[in-house]
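*Asks:* pasted the sequence and its predicted model underneath.
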Amino acid sequence: MQYHGPIALPPGYDKYGAPLPVQDTPEVAHVKAIRLAAVAEAGGDIYPSVHHSGVASHSQQYSGVASHSQQHSGAENIRYHGPIAYSPGYDKYGAPLPVLETPEVAHTKAEHFHNYAKTLSNLIAKGLYEPDYTAQKEEHEHHNSW
C-alpha cells in the first residue's frame, strides 16, 4: 500500500518544497524603521533608486503621491533595490561554488595517492598483481557507443 497524501514538509516551506520568504519580526522591523527614519532625517540617502516622499500610496509602494493622505515616516515602506547578497560559498547567480580543499588536505591526499601508486607498481613489478585492462576497455567502449 502506498501513501498518496500530501508531502509532509517542515515549517517554513510551501507545498512545493520551496522555502518561504523570511519575514522580519515586529521588533526588527521597528528598529529598522527608526534607523531609516533617522538616516532620512539627517539627509542621508541609503537607497538612491527609491523616491523618499515620506508618503506611501495605498499599495504600500512609493509613488510620490498619497492616495489616502496618510503621513508615514517612510522608513517602514522602503524596499531594497540593490544586488542580492549571497552568503560565502555561492557565486553571483546563487549557484554553490566548488568546495576547495585546504592545503593540508590536498597535501595528505597527494601523499596517499603517491604511496598507493608506488605500492601498486611494486606489486605489479613482483608479479603479485595483474591489472584487468579488459574491464576498463569494455567500460570505455560502453560509454563511447551511441
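*Replies:* Received it, and whenever you're ready, just let me know what you need.
*Asks:* can you give me the helices for this structure?
*Replies:* 26-41, 103-125, 133-144 (DSSP state H).
*Asks:* in JSON lines, list the ones you listed along with mean neighbour count and distance to A95.
*Replies:* Backbone N, C-alpha and C define where each C-beta goes, glycine included. Shown next, in JSON lines, are these (neighbours: other CB atoms under 10 Å; distance: least, CB to CB, whole Å):
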{"stretch": "helix 26-41", "mean neighbour count": "13", "distance to A95": "29"}
{"stretch": "helix 103-125", "mean neighbour count": "10", "distance to A95": "23"}
{"stretch": "helix 133-144", "mean neighbour count": "9", "distance to A95": "27"}
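*Asks:* distance check, I124 against P10.
*Replies:* 53 Å (CB to CB, to the nearest Å).
*Asks:* got it, and H107?
*Replies:* According to CB to CB, H107 and P10 sit 40 Å apart.
*Asks:* in terms of residue numbering, what are the domains of the protein?
*Replies:* As given by automatic domain parsing, the domain ranges for the chain are 1-82, 103-144.
*Asks:* quickly, which of those domains bottoms out on average pLDDT?
*Replies:* The minimum mean pLDDT among the domains of the chain belongs to domain 1-82 (a mean of 67).
*Asks:* Serialize the helices of the chain to JSON lines and add fields for distance to Y16.
*Replies:* Formatted as JSON lines, those follow (distance: least, CB to CB, whole Å):
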{"stretch": "helix 26-41", "distance to Y16": "27"}
{"stretch": "helix 103-125", "distance to Y16": "38"}
{"stretch": "helix 133-144", "distance to Y16": "35"}
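*Asks:* wait, which of those is closest to Y90?
*Replies:* For those, proximity to Y90 was assessed by CB to CB; helix 103-125 is nearest, at 21.5 Å.
*Asks:* contacts for that closest one?
*Replies:* 101, 129-131 (CB atoms under 8 Å, 6 or more residues apart in numbering).
*Asks:* tell me the two of the residues you listed that are most distant?
*Replies:* E101 and E130 (33.2 Å).
*Asks:* for G17, which non-adjacent residue is closest in space?
*Replies:* L9 (6.1 Å; CB to CB, 6 or more residues apart in numbering).
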